[in-house]
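Q: Provided below for reference: sequence and predicted model.
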Amino acid sequence: MTRLRYVYAVCRPFDAALQAQLTGVAGDPPRMLNHRGLVAVVSHVPEGDFAEAPLRQHLEDLDWLTGTARAHQGVIDALTAVTTPLPLRLGTVFRDDSGVRVMMEAREEAFRRTLDRLAGRVEWGVKVYAENEPSEPSEPVEQPADRPASGRDYLRRRRMQTRAHENMWEQAEEFAGRLHATLSDYAEDARLHAPQNSALSGTSGQNVLNAAYLVPRGHSEEFVEVVDRTKDDVPGMRVELTGPWAAYSFVEEVENVGDTGERT
Amino acid sequence: MSMASRMPEPYGQNGGANLADILERVLDKGVVIAGDIRINLLDIELLTVKLRLIVASVDKAKEMGIDWWETDPALSSGARRDELARENAELRERLARLEPELESGRSSGRTHAEKEGE
């Protein structure tokens, strides 16, 4: 069966070995494809799963997507431990090695520039959750019994509820804003991402800050300490730290320079 | 991957990362390259319907600044929409009930406020 080339990342050549048992997407261990002083990290994947039609179908399957996303991230993680990879978006697939080489040549300059910019940096994710809904008299789901008096009461209750919500958001906004300002001072760069939906992330509380910070490896410990220190500042606010990630959120220069026009 | 020598231990291997953290990075961040296999992730129904809830575009997040949660539709989760829909239905029902009362109040020469004050 024909094997396609799934590309995880581009990086500079490195000496360290990756984990021996590391399996990439479709169970194929990542391989290094050297070309003109850069390395593309690729897996061989079956055409039956990664050609356009089957890939499109697979992406609709949350289990398949989850497995593939974790495998992709696993390889990026392993690379991050030994070098500074430029992570490519999930599902970047070429017909053969020469297709990968052509792509690397076309983007060589931008790759080098971004690799220089990000060298030795990692990304830390910080999320703030507002843990508690404001305490308020729980609004009864319309009882026929309270009908006559409730028109005005109803509106009054709605107003109070809205105000309590606004207070909570104000407090959350202030805390998140302050934390973001502090962390931005420690980081070289920062990105704000859209808040996550709690139902899908499986966490409690309302996500009010979802940010990424670009931090030199050497300063990471300090950065983590700053996050830890602010954690318990305000009751009802939960701070979550993830990382170190490859600098996923800070690669965009490459997208703007010499992109072939396809913007997903 | 052990990075104990260089990185703070508890956070190694993205221990605290949930699936949404991983998906928002591998699907929405990272270098976009049109490979030989052309897949526009936004065309995928699942991604637009489900994952758009957790993953909004970088550009939009940038525009939004620090007070995005007040305006971001990504915040209006299913639960919130349900709440709005329920509230809407409630209000409509209430209105439907009040209107006849208002009518009868008018026809007997009283205002609704007087009636409610009883």
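A: Nice, thanks for sending it over.
Q: alpha carbons only for contacts and neighbour counts from here, please
A: OK.
Q: wait, is residue A:179 part of a helix?
A: Yes. Assessed with DSSP: H, G, I helix; E, B strand; the rest coil, residue A:179 lies in a helix.
Q: does it touch residue A:230 like I think?
A: Yes. With contact defined as C-alpha atoms under 8 Å, residue A:179 and residue A:230 form a contacting pair (7.4 Å).
Q: ok, these two, which is more surrounded?
A: Taking other C-alpha atoms under 10 Å in any protein chain shown, residue A:179 and residue A:230 do not tie; residue A:179 has more neighbours (20 against 16).
Q: do you know how far that one is from chain B?
A: 11 Å (C-alpha to the nearest C-alpha, to the nearest Å).
Q: got it, and residue A:107?
A: Applying C-alpha to the nearest C-alpha, the value for residue A:107 to chain B is 10 Å.
Q: who does the helix or strand hosting residue A:43 pair up with?
A: Following DSSP states H and E, one finds residue A:43 within strand A:38-46. Applying DSSP bridges, strand A:38-46 is found paired with strand A:3-11 (antiparallel), strand A:31-35 (antiparallel).
Q: low-confidence ranges in the stretch 51-200 of chain A?
A: A:132-149, A:198-200 (pLDDT under 70).
Q: please disregard the earlier target; I meant chain B.
A: Applying pLDDT under 70 to chain B flags the ranges B:1-16, B:42-83, B:105-118.
Q: for stretch A:156-173, buried residues please.
A: Residues A:157, A:161, A:164-165, A:168-169, A:171-173 are the ones in stretch A:156-173 that count as buried (16 or more other C-alpha atoms under 10 Å in any protein chain shown).
Q: follow-up on the earlier one: quick one: mean pLDDT for the helix or strand just after the strand holding residue A:43?
A: Using DSSP H and E, the helix or strand that follows strand A:38-46 in sequence is helix A:47-50. Looking at helix A:47-50 alone, the average pLDDT works out to 95.
Q: list the contacts of helix A:47-50.
A: Identification of contacts with helix A:47-50 by C-alpha atoms under 8 Å, 6 or more residues apart in numbering or on different chains yields A:1-4, A:54-55, A:58, A:93, B:37.
Q: kindly report the same for stretch A:28-40.
A: With contact meaning C-alpha under 8 Å, 6+ apart, stretch A:28-40 is reached by A:7-13, A:21-24, A:41-45, A:75, A:97, A:100-101, A:104.
Q: tell me the mean pLDDT for that stretch?
A: Taken as a whole, stretch A:28-40 carries a mean pLDDT of 95.
Q: what are the buried residues along that stretch?
A: Quick answer for stretch A:28-40 (16+ other C-alpha under 10 Å): A:29-30, A:32-35, A:38-40.
Q: can you check stretch A:110-125 too?
A: A:110-112, A:114-115, A:118-125.
Q: now intersect the residues you listed with the helices, please.
A: The helices, defined by DSSP state H, take in A:110-112, A:114-115, A:118 from the buried residues of stretch A:110-125.
Q: surely residue A:76 and residue A:88 touch.
A: No. Shown here, residue A:76 and residue A:88 do not form a contact pair, counting by C-alpha under 8 Å, at 9.3 Å.
Q: quick one: common contacting residues for these two?
A: In contact with both residue A:76 and residue A:88: A:8-9, using C-alpha under 8 Å, 6+ apart.
Q: confirm residue B:88 sits in a helix?
A: Yes. Assessed with three-state DSSP, residue B:88 lies in a helix.
Q: which ones are touching it?
A: Under the criterion of C-alpha under 8 Å, 6+ apart, residue B:88 has no neighbours.
Q: from chain A, how far off is it?
A: Per C-alpha to the nearest C-alpha, residue B:88 is found 12 Å from chain A.
Q: ok, now residue B:17?
A: Look at residue B:17 and chain A: by C-alpha to the nearest C-alpha, they are 6 Å apart.
Q: so that residue makes contact with residue A:245?
A: No. Residue B:17 is beyond contact range of residue A:245, at 9.9 Å (criterion: C-alpha under 8 Å).
Q: and the two? Which one has more around it.
A: Neighbour totals were compared for residue B:17 and residue A:245, and residue A:245 leads with 26 against 17 (other C-alpha under 10 Å).
Q: beta partners for that one?
A: residue A:123.
Q: find the nearest non-adjacent residue to residue A:126, please.
A: Leaving aside its chain neighbours, residue A:126 sits nearest to residue A:241 (4.7 Å; criterion: C-alpha to C-alpha, 6 or more residues apart in numbering or on different chains).
Q: and the one you found, backbone torsions?
A: The phi/psi pair for residue A:241 (degrees, to the nearest 10) reads phi -110, psi 130.
Q: tell me the domain ranges of chain B?
A: Structural domains annotated on chain B: B:7-73, B:76-118, as defined by automatic domain parsing.
Q: swap that for chain A, please
A: Domain assignment of chain A by automatic domain parsing yields the ranges A:3-119, A:121-249.
Q: on that earlier part again, make JSON lines out of the ones in helices among the buried residues of stretch A:110-125 and add distance to residue A:84.
A: Compiled in JSON lines, these are given as follows (distance: C-alpha to C-alpha, whole Å):
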{"residue": "A:110", "distance to residue A:84": "15"}
{"residue": "A:111", "distance to residue A:84": "12"}
{"residue": "A:112", "distance to residue A:84": "12"}
{"residue": "A:114", "distance to residue A:84": "10"}
{"residue": "A:115", "distance to residue A:84": "7"}
{"residue": "A:118", "distance to residue A:84": "7"}
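Q: residues from the stretch 1-150 of chain A in reach of chain B?
A: The interface of the stretch 1-150 of chain A toward chain B, taken as C-alpha under 8 Å from any C-alpha of the partner chain, is made up of A:19, A:50-52, A:55-56, A:59-62, A:66, A:69-70, A:72-73, A:77-78, A:81, A:86-95, A:99, A:142, A:148-149.
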